[in-house]
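Colleague: Sequence and predicted structure below; questions after.
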Amino acid sequence: MESLQNLLYAAVSPVFLSLCVAALIWIHLRDSINYWAKRGIPHIPAHRCLVLLLAEKFGWKHDMEMYCDMYNALEGHSYGGAFEVLKPTIILRDPAMVNAWLVKGFSSFRDHHSGSAPDEEGENLTGELFALTGDRWRQVRSKLTPLFSPAKLKLMYETLKECTEELKDHLRQTVDDEADVEIKDVVSRHAMDVIGACALGVKCNAVKDPENCVIMKVANRVLDVGWRSSVYFFLNLVHPRLPHLLGFSLRSPEVVAFMTSLTKDVMRMKKESEQPSQHFLRMLMDSCELQEEDIHGSKTISLQQELGAEQKESFKITEDYVAGVFASFLSAGLEPISIIVTCCFYELAHHPEIQDRIFNEIQTIKEGSGSDITFEDLKKLQYLEQVVKETLRKYPTAGFIHRECTEPFHIPDSSIVVEKGVRLFISTCGLHRDPKYFPEPDKFDPDRFSKENIHKIVPGSYLPFGEGPRVCVGKQLALMNIKHMVMNLVSDYTLQTCEKTQNCLRTDPQKFFLGPKGEVWLRLKKRK
Ligand code: HEM
C-alpha cells in the first residue's frame, strides 16, 4: 500500500512530470527531424534549414534567396525535403514535375500557404486573393479573371497612356538635356499612378506631387516587412489558424481602415458619377450588379451570385472583400512592376546596343502606323518583349512559388505520397539562375527569347508569374505596363550609367519582393 502511494506521489511530482514532457518533446522533435529520412527522400537536414531561416529572420538574407540556396543544396535531385523550423516542406526542382504538380496536381496544391483564410466576420481585407483558399478563392478569382481580358486591357491602355503623359511631362521639366535621375523612385511613383488609375479610377498624382500622395504611403505599408509580418508568419508557422484565433492580422488596423474607407468612398463616387469610366472597380461593380442602396445602405453589399455548376453555394461580396481585392492589387502588383522596370533600365544603361535595337524597332513601327503606338502596335514590338522577358528571368522578383498540400498527392512513378499540410516551394530564382536551363545566367541576353531560341527554354523552368490556375491574375496588365513604360523612355532618352550608379544591384532583404537595395541612379540623355 505504502509503495503504491509512493508510486502515485512520484507520478505527480514535478520532476517526473517534467521528464514526461521532455520525453514527449524529444519524441516529437526526433520524429519531425527524421520526417524525410524515414521516407527515404533526399533532404536538407533540419539544423541547416534552421541556420538558413535564422539568416533570413535576422535580415541577412532575403527569404527568396534562402529557397534558392535550398534549390542549389539539392542539386542532382528532382525534388527533396527541407524544413521550416520543424514543418516538413518539399523543394521541387525538376521543371517537368513543376508543370505536372501545379497544373495537373492542382487539386492537391491549390492554396498558397501564406496564411489562414481571412476572417470573414472581422474587420479584415477579406478579398485578398493571394491569401484566399478553397472555394472562396475560386469564387473571387472567377470574378477577377474577366477584368484582365484583352478587351478590358485595351480600355486600360488609354488610362496607361494618360499616366505616361504625366511622367513624360515630369521628365521634360526635370531633364533639360541630360540629368542624373533616381530611376527607382520615378518608376515606382509612375507605377502607383497606373495602379491607382486602372484599379480604382483614382488620380494619385504620385509622379507630380509625391509628398501629398497618401495612397502611396499606405501602399508602402501594405507590404510592410516589419515586426508585424514577422510575428504573423511565426504564428502562422506554429499553426495556420493561430493568427486568426489571436485576432492578429498581417495588415495593420490603419492600413485595413484606409483601404476599406477608400474603396467605399470611391464606390460611392463612381455610382453617383454620370461620367463613364473604365477601371477595375467600375467593372467589378458592374459585373456584380451592385445596387445603389447596397452601397449607401448597410455595411454589407448583399449580392447573390450564381457560381457555376460545382459551386451552388451563394456568396456575399462585402465591402471588405472589394477592399481586399484592391489591397491585393497594391501588394501584389505595385512593387514587382517597379522592380522589373528599374532593373530593365539598369540593364539597358549597361547595354547601349540593346537600347538601340529597341529604339530602332519602335521607329519602324511608328513609320508604319503614325507616331502613336497603339495597343495593337505594342504587341508587335517583339524585341522589346524579349528584353522584358529576359529582365523577368534575371530578376525573378517573386522569387519562389509556394503551395500547401490540401489533399494527399501521389508522386507519379514512385511509392511516395505527399501528405496534407506539407508545404511546397519552387524556387524561381534557383531555376532562372540554373546554368542547366539558362547558360551564363548572369548574362543579360534577350536573344534567349528570340523566335530562333525560344524552343530551347525547358517548359517549367521559366516561371516569373507562376503557373497553373493560380498564375498571376495581373500578368497581362503587368507586361503591358512594363513594355509601355520602357518603350516611352527609350523613345525619348538614352539611358547611361553615371557616377552614382551601383556597380551591381544588391538585394534588399527588408523588402517583401526581390529587388534592388537603395537608390538606383542613371543618367537620362534626351534623344535629338
Ligand atoms: C512584374 C509584375 C508581376 C509579377 C512578376 C507577378 C508575379 C506573381 C506571382 C509569381 C504570383 C504567384 C503565382 C502562383 O502562385 O503560381 C502572383 C500572384 C498574383 N498577382 Fe502578380 N505579379 C506581377 C504583377 C501583378 C499585377 C500588376 C497585379 C494586379 C493588378 C498582380 C496581382 C496578383 C494577384 C492578385 C495574385 C494572386 C493570384 C491568386 O492567388 O489567384 N500581379 N503574381
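Modeller: Happy to help now that I have it.
Colleague: List the buried residues for stretch 236-246?
Modeller: Going by neighbour count (16 or more other C-beta atoms under 10 Å), the buried part of stretch 236-246 is 236-237, 240, 243-244. All C-beta atoms are positioned from the backbone trio N, CA, C, and that covers glycine.
Colleague: What is the most widely separated pair among those residues?
Modeller: Based on C-beta to C-beta, the longest span within these runs between 237 and 244 and measures 14.0 Å.
Colleague: tell me how far stretch 46-64 is from the chain's mean position?
Modeller: Centroid displacement of stretch 46-64 relative to its chain, using C-alpha atoms, centre = their mean, to the nearest Å, is 20 Å.
Colleague: Centre-most residue in the protein?
Modeller: The residue lying closest to the centre of the chain (C-alpha atoms, centre = their mean) is residue 332, at 4.4 Å.
Colleague: Provide the secondary structure category for the spatially closest residue to that one that is not a sequence neighbour.
Modeller: Taking C-beta to C-beta, 6 or more residues apart in numbering as the measure, residue 332 lies nearest to residue 130, with 5.9 Å between them; neighbours along the chain are not counted. Taken by DSSP: H, G, I helix; E, B strand; the rest coil, the conformation at residue 130 corresponds to helix.
Colleague: What are the buried residues along the host helix or strand of residue 191?
Modeller: According to DSSP states H and E, residue 191 maps onto helix 183-195. Going by neighbour count (16+ other C-beta under 10 Å), the buried part of helix 183-195 is 183-195.
Colleague: Please apply the same query to stretch 390-410.
Modeller: Of the residues in stretch 390-410, 390-406, 409 count as buried by neighbour count, 16+ other C-beta under 10 Å.
Colleague: Next up, the contacts around residue 133.
Modeller: Counting by C-beta atoms under 8 Å, 6 or more residues apart in numbering, residue 133 touches 110-112, 117, 406.
Colleague: For the helix holding residue 191, give me every contacting residue.
Modeller: By C-beta under 8 Å, 6+ apart, the list of residues contacting helix 183-195 from outside reads 159-160, 163-164, 166-167, 170-171, 203-207, 210, 213, 215-216, 219, 329-330, 333-335, 337-338, 341-342, 345-346, 481, 485, 516, 519-522.
Colleague: Could you pull up the mean pLDDT of stretch 394-403?
Modeller: The predicted model gives stretch 394-403 an average pLDDT of 93.
Colleague: Tell me if stretch 465-476 is near the ligand.
Modeller: Yes. Part of stretch 465-476 sits close enough to the ligand to count as contact by C-beta under 6 Å from any ligand atom, namely 465-467, 470-474.
Colleague: Kindly report the same for stretch 174-189.
Modeller: No. Using C-beta under 6 Å from any ligand atom, stretch 174-189 stays clear of the ligand, with a minimum separation of 11.8 Å.
Colleague: Render the CA-only coordinates of that stretch in PDB, please.
Modeller: Extracted C-alpha coordinates of stretch 174-189, given in PDB (Å, rounded to 0.1, in the frame of the first residue of the first chain):
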ATOM      1  CA  THR A 174      13.500  67.700 -64.800                       C
ATOM      2  CA  VAL A 175      15.800  66.700 -67.600                       C
ATOM      3  CA  ASP A 176      17.000  69.600 -69.700                       C
ATOM      4  CA  ASP A 177      19.500  68.000 -72.000                       C
ATOM      5  CA  GLU A 178      20.700  65.300 -69.600                       C
ATOM      6  CA  ALA A 179      20.400  64.700 -65.900                       C
ATOM      7  CA  ASP A 180      21.000  62.000 -63.300                       C
ATOM      8  CA  VAL A 181      17.800  60.600 -62.100                       C
ATOM      9  CA  GLU A 182      16.900  58.300 -59.200                       C
ATOM     10  CA  ILE A 183      15.100  55.900 -61.500                       C
ATOM     11  CA  LYS A 184      13.700  53.600 -58.900                       C
ATOM     12  CA  ASP A 185      11.800  56.400 -57.200                       C
ATOM     13  CA  VAL A 186      10.400  57.800 -60.500                       C
ATOM     14  CA  VAL A 187       9.400  54.400 -61.700                       C
ATOM     15  CA  SER A 188       7.600  53.400 -58.500                       C
ATOM     16  CA  ARG A 189       5.700  56.700 -58.500                       C
END
